[in-house]
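Enquirer: predicted model, plus sequence, below.
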Amino acid sequence: MTMAEPLEAATRTPATPGRLYLVPMPLGDLSPAHCLPVATLEVIARLERFIVENARTARRFLSQVPLAAPIQAMDMSELNEHSRPEALPPLLQPILAGEDVGLVSEAGCPVVADPGASLVALAHAAGIRVVPLVGPSAPLLALMASGFSGQSFRFSGYLPQQPAERRDAILRLESESRRGPCTQVFIETPYRNSRLLEALLDACDPATIVAVVLEVTLPGEEVIVRNVHEWRRQPRPALDRRPAVFLLSSPPVSAAARPRRRPS
């Protein structure tokens, strides 16, 4: 070892970490220009490395963005519900080495009903700057469209699939909404939408209001807001195979309707 080598090692500084950009995608098969602002598209265009939920879907999305480099040159690593915890730290190594990386969800905004949260938490722990980019979020757009309170709301993601557990969850959310008041927001896999609506109508009080927001931002967008009594009486829309967000708002029980205590 020469005298210069230890001196060089002592004066070398670590690379400044890059940034982890949270990249939104359109909620349906639409052009990114339909719902992503120019500033978001400009950031995406200069990235050359991505962490994606599904490489095929991500490539289809990125092929519609005017990228600075050929899409064939893009480096893509997958992160999804099957990824093991030990697979996450290596995904951050390029960022720690100074490269900017985009985290891409399957639809909408990353981390919301999405497996990316663990990676974002790890990035914060490593001192990496996390930058959320502006794009569509189905739960927030549905909340805006419903007319329910946006001052206090809870997004519960997917409810249990087993009927008894799902009923318990619905009753719990209804009770919480009534006490809050708090708007409850949740989703379901499209082919099970009808089953979830039936479970809501079976479990909830007739006065509870249920909103179903279908295909938000898409040509088939539909917003239906009814109380449970009206839902039970009126024809149901076609729900299955359509992306949907469900919202529940239960009005407080009036004092007159509360059971009176017996005199002691």
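Expert: All right, it came through fine.
Enquirer: any stretches of the stretch 51-200 of the chain with poor pLDDT?
Expert: The stretch 51-200 of the chain contains no residues with pLDDT under 70.
Enquirer: that one: helices as residue ranges?
Expert: Ranges of helices in the stretch 51-200 of the chain, per DSSP state H, counting those that start in this stretch, are 55-62, 88-96, 117-125, 138-146, 163-179, 193-203.
Enquirer: what's the fifth one packed up against?
Expert: If I follow you right, that is helix 163-179. Using 3 or more Cβ pairs under 8 Å, 6 or more residues apart in numbering; DSSP states H and E, the elements in contact with helix 163-179 are strand 153-158, strand 183-187, helix 193-203, strand 244-249. Quick note: C-beta positions are derived from backbone N, CA and C, even for glycine.
Enquirer: among the ones you listed, show me which one is buried the most.
Expert: Sort these by mean neighbour count, taking mean count of other Cβ atoms under 10 Å, and strand 244-249 sits at the top with a mean of 24.
Enquirer: I'd like the helices and strands packed on helix 163-179 as CSV, with distance to Pro24 appended.
Expert: Listed next are the helices and strands packed on helix 163-179 as CSV, based on distance: least, Cβ to Cβ, whole Å:
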stretch, distance to Pro24
strand 153-158, 16
strand 183-187, 16
helix 193-203, 23
strand 244-249, 16
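Enquirer: how about the helices of the stretch 51-200 of the chain, which one is nearest Asn80?
Expert: helix 55-62 (10.1 Å; Cβ to Cβ).
Enquirer: now for the spatially closest residue to Ser175 that is not a sequence neighbour, how many residues are close by?
Expert: Residue nearest to Ser175 in three dimensions, not counting chain neighbours: Ser250, with 7.7 Å by Cβ to Cβ, 6 or more residues apart in numbering. Number of residues near Ser250 (other Cβ atoms under 10 Å) recorded here: 25.
Enquirer: now do the contacts for the residue nearest to Ser177 when sequence neighbours are not counted.
Expert: Counting by Cβ to Cβ, 6+ apart, Ser250 is the residue found nearest to Ser177 once chain neighbours are left out, at 4.2 Å. Taking Cβ atoms under 8 Å, 6 or more residues apart in numbering, we find Ser250 in contact with 174-175, 177-178, 181, 204-205, 207-209.
Enquirer: same thing but at 7 Å, please
Expert: 174, 177-178, 205, 208 (Cβ atoms under 7 Å, 6 or more residues apart in numbering).
Enquirer: that'll do, ta.
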